[in-house]
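Enquirer: Sequence and computational prediction follow.
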Amino acid sequence: MSEPVLRLEDVARRYGDLVVVEHIEFSLRPGETAALLGPSGSGKSSLLHIAGLLEKASAGEVHIMGRATSKLSDAERTHIRRATLGFVYQFHHLLPEFSALGNVALPQLIAGVKKKKAEAEAKRLLTLMGLGERLEHQPGQLSGGEQQRTAIARALANNPKILLADEPTGNLDPKTSDVVFDALLNLVRKEGLSAVIATHDQRLAKRMDRVFVIREQRLVEVRKEPV
Ligand SMILES: Nc1ncnc2c1ncn2[C@@H]1O[C@H](COP(=O)(O)OP(=O)(O)OP(=O)(O)O)[C@@H](O)[C@H]1O
């Protein structure tokens, strides 16, 4: 069996006296996709932020590609995050003055990739997301679903190993949500990525390899049975 790309070991998140989650054990292998379900306020975003090294756990350890991260400096955590992780949020956070191509190329340019190569990769990803005809459109000229597909392409632009998505279709109508979710899963599988996707939508969750739910501060694997 291959080593997990992501492992949470006895992780807890507390805010003062409020225990959001505790004793969280989770591991994800290369190429696996996992859905993260749970009622509003149960801690899905908190867990994704901890797994994505955006926040520190109150207790426990986060291993990324086999490396324990809790004792690393902020700079080292940022380095691992940029090299290994891609993020998609409910709201796309695209830069309005840049084209779709520019938005997807930008993280690569920041990482030091040459402009021509960055734009070629941006074009490849946007085309895979069905936006080959929309490369020069600015976010304001794109539909909500197209904006979110651009944000997904941007999350994959630095060739991450793990995609972390927080309600990536939560802001879309059901039909658009299906189209965007399909595009997301297809791209994740084609690129051989692992992914954790927080969602309220059990129907979408069932299309992932594994299904987890946060219940009474704990993470429970429910697989594909009804939650
Ligand atoms: N910075 C903070 N300070 C205090 N409490 C916080 C903070 N951030 C989150 N919380 C609390 O932690 C709990 C979990 O929040 P979180 O955003 O992780 O839940 P969620 O499952 O993602 O919710 P939703 O589905 O509504 O986005 C909530 O009760 C929230 O109020």
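Expert: Received it, and whenever you're ready, just let me know what you need. From a predicted model like this one, the values you see are computed outputs, not experimental measurements.

Enquirer: what's the longest helix in the chain?
Expert: Using DSSP state H, we find that the single longest helix of the chain is helix 174-190.

Enquirer: got the contact list for that one?
Expert: By CB atoms under 8 Å, 6 or more residues apart in numbering, the list of residues contacting helix 174-190 from outside reads 31, 33, 88, 125, 128-130, 143-145, 148-149, 152-153, 156, 163, 165, 168-169, 172, 195, 197, 201, 204, 207-208. C-beta: built from backbone N, CA, C; applies to glycine.

Enquirer: Can you point out the buried residues in the lowest-mean-pLDDT helix or strand in the chain?
Expert: Here the helix or strand of the chain ranked lowest by mean pLDDT, DSSP states H and E is helix 202-205, holding a mean of 87. Buried residues in helix 202-205, counted by 16 or more other CB atoms under 10 Å: L204, A205.

Enquirer: Remind me what it packs against, helices and strands.
Expert: strand 33-37, helix 174-190 (3 or more CB pairs under 8 Å, 6 or more residues apart in numbering; DSSP states H and E).

Enquirer: buried residues in the longest helix of the chain?
Expert: Result for helix 174-190 [16+ other CB under 10 Å]: buried residues T176, S177, D178, V179, V180, F181, A183, L184, L185, L187, V188.

Enquirer: same deal with stretch 78-96?
Expert: Buried residues in stretch 78-96 (16+ other CB under 10 Å): I80, R81, T84, L85, G86, F87, V88, Y89, Q90, H92, L94.

Enquirer: same thing with stretch 154-167?
Expert: Buried, per 16+ other CB under 10 Å, within stretch 154-167: 154-158, 160-167.

Enquirer: coming back round to it: CSV for the buried residues of helix 174-190, including distance to the ligand and pLDDT?
Expert: Below are the buried residues of helix 174-190 laid out as CSV (distance: CB to the nearest ligand atom, whole Å; pLDDT from 0 to 100):
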residue, distance to the ligand, pLDDT
T176, 20, 87
S177, 15, 89
D178, 20, 89
V179, 22, 87
V180, 18, 88
F181, 17, 91
A183, 23, 89
L184, 18, 91
L185, 21, 93
L187, 24, 90
V188, 21, 93
